[in-house]
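Visitor: coords below, sequence missing:
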């Protein structure tokens, strides 16, 4: 972008102010995560002894050694990656194909469909009926059960539909005159112009899959097929049962997982999905739409 | 829950003849993990005798033992049963339990974590076998403790084998070295207890010259207060009023007496200022860090504290001791646990006939033998532990330990613990001592076996009213008049009906 | 915004009531004309029918005393009992007030935060800085609430929390933020901002990516300053997105989230902390209250749908496209 646009004295003051503010915000928001990373490398003694620290006095890799000593974690990371990638493609396919017709005001039946979508966004049959449907489709213990029941988020669908609606209508008209069918318009015009939108919702869906543990708990009995989050959640929540009557009765007491292991599991469970964003980020660059129209 | 596999089983059963048919049906309605197929094949090869059992159970660890775990294989060999374990992470056990009930396809055995309404209703509707008529034939199961069995019963009937837990489990974990530093004896009465806490707070028990210690650590968790109240003579939730009627604990004078004591502790700074906002999981931290000198919780926590302090500082031996309850105006009294932690129930939809039930019960009976307790509790000698005299030394190899992870969830310890104990430490010995001594002084809750509809609807709200008022009173936000108002609110919010219902149920039970 | 009116005739078809015969003819004609659109919409429609509408029968358990083992057929019908229990609960108005106040706090303070951040980020000229900040602010989204609650405690505990000491030092008197009912709502909103603000900016950044740079240049030519450009070019460009997200947010107006509030509640602030979501959970612990929580959920959904349709209507009156 033309930098001359911003070179006024007032603009510079604003810039400084803006950078400082956002910088502070960045630090503030990343702090808890650094705390977790710091803890994951700390010894148990240091964690109970010091209330807050980012860099441990004594580095210990034992938490990671423990986590990666198990074959379970690699398998479950594999499951998570597969479900996330495949599931996101399914999501995008279902969402984009449905959003486009809904964005067309000449699509007869649109308001009925929109009513269904909005209704199902606000009302839900609940856990048990959905389970019974999934079971009657024979999806129990199948990865499909982790991907199909959430193939479209009504929320995402509505937002995507509205993004499509905001697209300049002239382009589509032009394509139609060139002999494109609706399918062609979606594939050649609408989707290429919607890269930031696709990137955004790919991210939303991917994160949703990555963090989802509940579907797997309900629909997958075979623990070999469990995604990472089940294990992660279990470790994070485990230490909550250590006081009172719920405390492990075992005199040999298998210790509740050490804090550092808990933290290391969070790091391991978060880093892969954190890495997705920088890759998608380039699609948020300004002027994408303009560029494609001109080019 | 696999239809395909279910059919497969039935087919196999028919082909192999009548003797296999029953077995196939036993397996018929149970859901299958992967790997059971392999197990099933060996079952067929091994002959008609080998039973097959599916068990749904919670795992409190992050990982399940692998299906080819030597411990599980040994279990299958010793019981001559193919065991299909359906692990459910503990944090979501209730959801999975309800889903399983709703699906109508129950595994043969289910660990039930508590008398939840969905379990009670399912039991009343005939989802599980009522076991009373059958237990006499099984020496271990028949030796269930009557009090605990009663606590775990529904409408006076036994719908499962309880998983026994120590009744007198609670204790006072205390810094032994602080007592020694200050030249104090173990506190035995409430007055001595108070003096010790004062000394821990003001007399620099760790000798570092700083005012950085206090007496008792408490948290959001109500346990410690509930426990101490009983020392003062308050009943355990419900007490008889002398005319055979039950009244709630908070209406007794002893309860108020206890509250005043707690308030004094707080005012004088003998308890941590932030207890009302502190998460229960943080309870051990101040004790381990040498800030607090006393922690009132299950006695076995003393072992954990001992070990944690040692982890922090390998030279810090002999720092932790555990004591019994403090003697109050009514003598030595302590809060018991309910004596069990969940049940193992037998599903009627999978275990269809009495013959099948009997096989299942002998399996359960066998699990209580020393050999099986040892196997599922300690593992296999040479793998999960080494023997040292009459003790065991567990391995530290986490991979080997994983083969054993969570398997103790199917143990019932009826009538008693029979596994080889771990080598004792002084603290461990003391814990065992305290817990055994506690059995004579625990005050049972007469309302424990009663299932109240009012409580099912309003229980947590009612409990919140009293517990919140107690906390507010302790921290000085509420006076005694305010507390009496809270009791009135409790009554009008459903407490009155609750008391009435409990008394009706109680009278009916006594007959 | 650029609602496309492809032809006046088709627009009319959308809402107009036609007689049966004519309608059928129209139906066939539409199918032929837009056949590809119907092909495209089919998978999505099937999805909603199977996974969303089919299980809807589950809602009837709000009128039952549902027991999982007995199923819907075996459970007793109780009519509106679950609703009357809920509305006649002596705590109902307290719960309603707490829920509403928190929801309004959320709307006023939390909702605009990501928009503001997105606008500020949009003005940053150093690409590496912008990217870095974008990445950093969205990290807390992945930190579970349990951990956030635990960090909050560590910072704010009167037993030596760093922030607690700082507040005491600055204001001259100690404030126990964790137990004080007055600070409960700011605390909750603060935690939410910390956790979700950055995540929320993503969708606005996507909307901003569509802004035509020529419009900025035109604004500069007109002599517009930084703030005016933001106000007159950037904000209008994302206004449609803001309106849609606002309407959708209203659909879950009474959902305050359960876990966070549950974790931050204690005996001393329960009076302001109890909301519908935590209440349903508390009741559910002992009751396994499927029916009851479904009834409360149904109530919240009804409020949501009224708010969505109402606000959508208002948005259209003001010339926005609304959600549909």
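Guide: Structure received. Just so it is clear, the structure is predicted and the values come from calculations on it, not from any experiment. Residues are numbered from 1 along each chain as shown, chains lettered A, B, ... in the order given.
Visitor: hey, let's count contacts and neighbours off CA atoms from now on
Guide: Noted.
Visitor: any idea which residue of chain A lies closest to chain B?
Guide: Residue nearest to chain B within chain A: residue A:45 (4.6 Å; Cα to the nearest Cα).
Visitor: does that residue belong to a helix or a strand, and which?
Guide: Using DSSP states H and E, residue A:45 maps to helix A:44-49.
Visitor: quick one: average confidence on that helix?
Guide: When pLDDT is averaged over helix A:44-49, the result is 74.
Visitor: now residue B:278: phi and psi?
Guide: phi -80, psi 130 (degrees, to the nearest 10).
Visitor: which residue is the nearest non-sequential neighbour of it?
Guide: In this structure, residue B:278 finds its nearest non-sequential neighbour in residue B:219, 5.0 Å apart by Cα to Cα, 6 or more residues apart in numbering or on different chains.
Visitor: confidence score at the one you found?
Guide: With respect to pLDDT, residue B:219 has a value of 89.
Visitor: hang on, the earlier thing: what's the helix holding residue A:45 packed up against?
Guide: helix A:259-274, helix B:301-312 (3 or more Cα pairs under 8 Å, 6 or more residues apart in numbering or on different chains; DSSP states H and E).
Visitor: and with 10 Å instead?
Guide: The helices and strands touching helix A:44-49, judged by 3 or more Cα pairs under 10 Å, 6 or more residues apart in numbering or on different chains; DSSP states H and E, are helix A:9-40, helix A:259-274, helix B:284-288, helix B:301-312.
Visitor: what residue in chain B comes nearest to chain A?
Guide: Taking Cα to the nearest Cα, chain B has residue B:312 as its residue nearest chain A, at 4.6 Å.
Visitor: contacting residues for that residue?
Guide: By Cα atoms under 10 Å, 6 or more residues apart in numbering or on different chains, the contact set of residue B:312 is A:43-49, B:288-289.
Visitor: so what's the residue count around residue 261?
Guide: Let's take chain A. Close neighbours of residue A:261, defined as other Cα atoms under 10 Å in any protein chain shown, add up to 26.
Visitor: wait, chain C
Guide: 21.
Visitor: one more: the one 10 residues further on?
Guide: When neighbours are defined as other Cα under 10 Å, residue C:271 has 16 of them.
Visitor: wait, does stretch B:295-309 contact chain A?
Guide: Yes: interface with chain A: stretch B:295-309 contributes B:296-301, B:303-304, B:307-309 (Cα under 10 Å from any Cα of the partner chain).
Visitor: picking that back up, can I get the buried part of the contacts of residue B:312 as one PyMOL selection?
Guide: Here is the PyMOL command that selects the buried residues among these (16 or more other Cα atoms under 10 Å in any protein chain shown):
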select buried, (chain A and resi 43+44+45+46+47+48) or (chain B and resi 288+289)
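Visitor: pLDDT-wise, which helix or strand of chain C ranks last?
Guide: Ranking every helix and strand in chain C by mean pLDDT, DSSP states H and E puts helix C:8-15 at the bottom, with a mean of 40.
Visitor: pLDDT averaged over the lengthiest helix in chain B - what is it?
Guide: The longest helix of chain B (DSSP state H) is helix B:453-474. For helix B:453-474, mean pLDDT rounds to 90.
Visitor: what sits up against the helix or strand following that helix?
Guide: Following helix B:453-474 in sequence order, the next helix or strand is helix B:480-490 (DSSP H and E). With contact meaning Cα under 10 Å, 6+ apart, helix B:480-490 is reached by B:250-251, B:256, B:259-260, B:461-470, B:472-473, B:478-479, B:491-493, B:495-496.
Visitor: swap in 7 Å and give it another go.
Guide: Here helix B:480-490 makes contact (Cα atoms under 7 Å, 6 or more residues apart in numbering or on different chains) with B:462, B:465-466, B:469.
Visitor: quick one: contacts for the closest residue to residue B:347 other than its chain neighbours?
Guide: Excluding its sequence neighbours, the residue lying closest to residue B:347 (Cα to Cα, 6+ apart) is residue B:128, at 4.5 Å. For residue B:128, the contact set (Cα under 7 Å, 6+ apart) comprises B:159, B:345-348.
Visitor: need those residues in JSON lines (columns: neighbour count and secondary structure).
Guide: Listed next are those as JSON lines, based on neighbours: other Cα atoms under 10 Å in any protein chain shown; DSSP: H, G, I helix; E, B strand; the rest coil:
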{"residue": "B:159", "neighbour count": "27", "secondary structure": "coil"}
{"residue": "B:345", "neighbour count": "25", "secondary structure": "strand"}
{"residue": "B:346", "neighbour count": "26", "secondary structure": "strand"}
{"residue": "B:347", "neighbour count": "24", "secondary structure": "strand"}
{"residue": "B:348", "neighbour count": "20", "secondary structure": "coil"}
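Visitor: can you tell me the helix or strand for residue B:86?
Guide: Using DSSP H and E, residue B:86 falls within strand B:81-89.
Visitor: and the buried ones among the contacts of helix B:480-490, selectable in ChimeraX?
Guide: Buried residues within those, by 16+ other Cα under 10 Å, are selected in ChimeraX with:
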select /B:462,465,466,469
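Visitor: would you list the contacts of helix B:480-490 in CSV and tack on distance to residue B:151?
Guide: Output for the contacts of helix B:480-490, formatted as CSV (distance: Cα to Cα, whole Å):
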residue, distance to residue B:151
B:462, 22
B:465, 25
B:466, 24
B:469, 29
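Visitor: as CSV, the contacts of helix B:480-490 with distance to chain A would be great.
Guide: CSV is the format used below for those (distance: Cα to the nearest Cα, whole Å):
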residue, distance to chain A
B:462, 21
B:465, 21
B:466, 19
B:469, 21
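Visitor: so where's the stretch 151-300 of chain B uncertain?
Guide: Across the stretch 151-300 of chain B, no stretch falls below the confidence threshold (pLDDT under 70).
Visitor: which positions in it make contact with chain A?
Guide: B:223, B:280-281, B:285, B:289, B:297-298 (Cα under 7 Å from any Cα of the partner chain).
Visitor: now do 6 Å
Guide: Residues of the stretch 151-300 of chain B lying close to chain A by Cα under 6 Å from any Cα of the partner chain are B:281, B:289, B:297-298.
Visitor: quick one on the thing from earlier: save the helices and strands packed on helix A:44-49 as a markdown table, and put in distance to residue C:74 too.
Guide: Formatted as a markdown table, the helices and strands packed on helix A:44-49 follow (distance: least, Cα to Cα, whole Å):
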| stretch | distance to residue C:74 |
| --- | --- |
| helix A:9-40 | 49 |
| helix A:259-274 | 43 |
| helix B:284-288 | 47 |
| helix B:301-312 | 45 |
